[in-house]
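**Q** Sequence first, then the predicted structure:
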Amino acid sequence: MKYIIPLILKLIKYLNKNLFLLQCFLVNKYMEKSPSDNPVSEKYRALKIDAMPIIEKRQLHDYNQLLKDYLEKHGKPLKPVNRRSKFLPPPGTVCPICGAPYEYIYDNSGGRGQLGCKVCKSTFFPNRAYLEKLKLKCPHCGKSLQKKRNRKQFFVYTCVNKYCPFYVHNLTSMTKDEKADFEKNPYKYKLHYYYRVFDIEMDSLKEDTHMPSSVDLSRIRNPKYILGLVLTYHINYGLSTRQTSSILWDIHNIKISHQTVANYASSAARVIKPFVDNYPYELSDTVSICGDETYIKILGKKHYVFFIMDAIKKIITSYSIFRNRDGVSAIKAIYSTLSKFKELPEDLLLIFDGNPIYILAQHFFAQHGIHFDIKQVIGLTNKDEVSEEYRWLKQIIERLNRTFKGVYKGKNGFNSFVKANEFMTLFAAFFNFLRRHSALDYNVPVNIPQVMDMPNMPAKWLELLSLSYEYLENLQTSA
């Protein structure tokens, strides 16, 4: 009996694994795909982005002066809020318009988040205070925009002026049939100026790059050189964990399991990620930053990789995976790139394809005083001057996609979002610090002498890990 139970458990494990693979196969081949599973998102093709609005800073007040004015006008001081509601503002809340302290702040929405100031009579959301300091105006008529809709992660502001040139032009350019349909179904047509304001704080875009390692690589039983071999075969040559395990036995007579290969790769990614994301890259000052999306599969579902790179120096600045190809994902990807500049160039120009989500991201950063220009290369042929001038950058990012696909092909997808991001971290480290490029005279994009002095690729991986450990120790010491 004691010999049968282990065999039964092994059989059950084998059957569960094959059932999972069969399920993924059936989902991809025979079940109807959802719209979000389509790499070409039609809803983004239909999305139209209007011009950026006029962004002005709202006139701010001094609550002390307002209190003095109230005293002179009414002959008595303005009393603090007499709180009778069970909904209280967060402790320490200050009015973003006049700076009134917590004593004058009250709940204005029955616990739904909106607060009011008794001194200046303004209303605001504490987690979106920066919006209250801005005044958004229509770029066509100069009238103030009004909030019309609340959507997931953004608000829709619109110009309600019926004499706005933008609205008048759209209305008069409609055909008779369109006007008749518009009277019956006005929701089908967009005539007024629209602007989307994302409900995202800049601080929330900062990614926590430090993750605890699943395996302490400094205490592994195998020699460190085997770890370097694992990363070389698994990342540089795109072999799966099983292929890596097999080639180590067939060529080097080293016996380790495919699970050990996966554990080594996972732990190496967690160690290297802070080093890769926070390294002081020397990016180009010229027009060279370009980006594109490609997709990978996680549990049989398509997810999107947002690649952004310095096309001149071949440095990947963004490589994150997102579940959706939307404006929020574009904002986070661009933020990852902007954070790698020591100082943003005044004439910064980013090159993307025709997806309008990048324009939405540009508008978001403009709200926060971060300005850059975007040029969009549309289609496969040069039908406009912009595409003709910047096509070469689009081709470079497409070559990066092909390089990535060559390494990713052997993985056949991932079984978790975390594992996919760990692989992306190792790929970015390999591309930036270890992979030689013919366009750079067969030099690596980021030349670290300690790494390049190593005699072979496994030793270079180990040196890169050593530098990453030193970086983590310095972070802990400074903290």
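**A** Nice, I can see it.

**Q** Outside of stretch 88-106 itself, which residues are in contact with it?
**A** Applying CB atoms under 8 Å, 6 or more residues apart in numbering, the external contacts of stretch 88-106 come out as 58, 60-63, 66, 78, 80-81, 83, 85, 107, 115-120, 122, 124, 126, 129-130, 132-133. For every residue, glycine as well, the C-beta is placed using N, CA and C.

**Q** all strands for the stretch 101-250 of the chain, in order.
**A** Using DSSP state E, counting those that start in this stretch, the strands found in the stretch 101-250 of the chain span residues 105-107, 115-117, 123-124, 134-137, 146-151, 154-158, 194-198.

**Q** hmm, I was thinking of the stretch 351-479 of the chain
**A** Along the stretch 351-479 of the chain, counting by DSSP E, counting those that start in this stretch, strands occupy 373-376.

**Q** Point out where it drops to low pLDDT.
**A** Applying pLDDT under 70 to the stretch 351-479 of the chain flags residues 479.

**Q** Please report how far residue 384 lies from residue 233.
**A** Counting by CB to CB, to the nearest Å, the separation of residue 384 from residue 233 is 45 Å.

**Q** These two - which one has more neighbours?
**A** Comparing residue 384 with residue 233 by neighbour count (other CB atoms under 10 Å), the higher total belongs to residue 233, at 24 against 12.

**Q** Pop the domain breakdown of this structure in here.
**A** Per automatic domain parsing, the structural domains of the chain span 44-55+134-199, 61-132, 279-447.

**Q** Give the helix, strand or coil label for residue 275.
**A** For residue 275, the secondary structure call by DSSP: H, G, I helix; E, B strand; the rest coil comes out as helix.

**Q** Excluding chain neighbours, what is closest to it?
**A** residue 468 (4.0 Å; CB to CB, 6 or more residues apart in numbering).

**Q** out of everything not next to it in sequence, what's closest to the residue nearest to the spatial centre of the chain?
**A** When CA atoms, centre = their mean is applied to the chain, the residue found nearest the centroid is residue 332 (2.7 Å). Nearest residue to residue 332, sequence neighbours excluded (CB to CB, 6+ apart): residue 205, at 5.8 Å.

**Q** Ok, residue 225 next?
**A** That would be residue 458: by CB to CB, 6+ apart, it lies 5.8 Å from residue 225.

**Q** what does the strand or helix carrying residue 337 contact?
**A** Secondary structure from DSSP states H and E places residue 337 in helix 327-338. Residues from elsewhere that reach helix 327-338 (CB under 8 Å, 6+ apart): 153-154, 196, 198, 200, 202, 205, 207, 277, 289, 291, 304, 306, 308, 317-318, 320, 322, 344, 350, 355, 357-358, 360-361, 364-365, 370, 372.

**Q** follow-up on the earlier one: from what I can see the residue nearest to residue 275 touches residue 277, true?
**A** No - in this structure, residue 468 is not within contact of residue 277 by CB atoms under 8 Å, at 10.9 Å.

**Q** Poorly predicted segments of this protein, please.
**A** Within the chain, the ranges that satisfy pLDDT under 70 run 1-3, 5-7, 9, 17-18, 20-47, 127-132, 208-215, 479.

**Q** swap the cut-off to 50 and go again
**A** 27, 29-45 (pLDDT under 50).

**Q** What ranges does the stretch 101-250 of the chain have for its helices?
**A** Along the stretch 101-250 of the chain, counting by DSSP state H, counting those that start in this stretch, helices occupy 129-132, 165-172, 176-184, 224-231, 241-252.

**Q** Now the longest one: buried residues?
**A** Buried residues in helix 241-252, defined by neighbour count with 16 or more other CB atoms under 10 Å: 241, 243, 244, 245, 247, 248.

**Q** Okay, the fifth one and residue 228: tell me how far apart.
**A** As for residue 247, its distance to residue 228 is 14 Å (criterion: CB to CB).

**Q** Now do stretch 140-158: distance to the chain's middle.
**A** Distance of stretch 140-158 from its chain centroid, counting by CA atoms, centre = their mean, to the nearest Å, is 24 Å.

**Q** Equivalent analysis for stretch 79-89, please.
**A** Relative to the centre of its chain, stretch 79-89 is centred 39 Å away, using CA atoms, centre = their mean.

**Q** Quick check: end-to-end length of that stretch?
**A** 17 Å (CA to CA, to the nearest Å).

**Q** and if you look at stretch 227-238?
**A** Distance between the two ends of stretch 227-238: 16 Å, counting by CA to CA.

**Q** Could you check it and say which residues are buried?
**A** Of all the residues in stretch 227-238, those buried under the rule 16+ other CB under 10 Å are 227, 228, 229, 230, 231, 232, 233, 234, 235, 236, 238.

**Q** and residue 420, which of the strands of the stretch 101-250 of the chain is closest to it?
**A** In terms of CB to CB, the element of the strands of the stretch 101-250 of the chain nearest to residue 420 is strand 194-198, at 25.0 Å.

**Q** CA atoms only for that closest one, dumped as CSV, please.
**A** The C-alpha atoms that make up strand 194-198 are tabulated as CSV, following Å, rounded to 0.1, in the frame of the first residue of the first chain:
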residue,chain,number,x,y,z
TYR,A,194,-15.2,66.4,-24.8
TYR,A,195,-12.2,66.1,-22.5
ARG,A,196,-11.3,63.1,-20.3
VAL,A,197,-9.7,63.8,-16.9
PHE,A,198,-8.2,60.7,-15.3
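
**Q** Residue numbering should commence at 41 henceforth.
**A** That works, and once the first residue is 41, the last one we named lands at strand 234-238.

**Q** Quick one: distance of that strand to the chain centre.
**A** Here strand 234-238 is found 18 Å from its chain centre; the criterion is CA atoms, centre = their mean.

**Q** which other residues reach it?
**A** Residues outside strand 234-238 that contact it (CB under 8 Å, 6+ apart): 90, 92-93, 171, 176, 185, 191, 193-198, 367-368, 371, 400, 403-404, 407.

**Q** Give me the angle between that strand and strand 186-191.
**A** Interaxial angle of strand 234-238 relative to strand 186-191 (axes from the mean of the first three to the mean of the last three CA atoms, to 10 degrees): 60 degrees.

**Q** Show me what strand 234-238 pairs with in its sheet, parallel or antiparallel.
**A** strand 194-198 (antiparallel) (DSSP bridges).

**Q** okay, the angle between the partner strand and helix 205-212?
**A** Calculated by the same axes, to 10 degrees, strand 194-198 forms an angle of 80 degrees with helix 205-212.

**Q** contacts for strand 194-198?
**A** Contacts with strand 194-198, where a contact means CB under 8 Å, 6+ apart, come from 93, 176, 185-190, 232-239, 367.

**Q** what does stretch 439-456 give?
**A** 64, 275-280, 283, 332, 334, 336-340, 345, 347, 349, 356, 460, 463, 467, 471.

**Q** Please apply the same query to stretch 112-127.
**A** 107, 110, 111, 143, 144, 145, 146, 147, 150, 151, 158, 159.

**Q** what do you get for stretch 399-415?
**A** Contact with stretch 399-415 is made by 89, 92, 95, 170-171, 174, 235-238, 240, 242, 367, 370-371, 373-374, 378, 384, 387-392, 398, 416, 426, 429-430, as judged by CB under 8 Å, 6+ apart.

**Q** rerun at 7 Å
**A** Contact with stretch 399-415 is made by 89, 92, 95, 174, 236, 238, 242, 367, 370-371, 374, 378, 388-392, 398, 426, 430, as judged by CB atoms under 7 Å, 6 or more residues apart in numbering.
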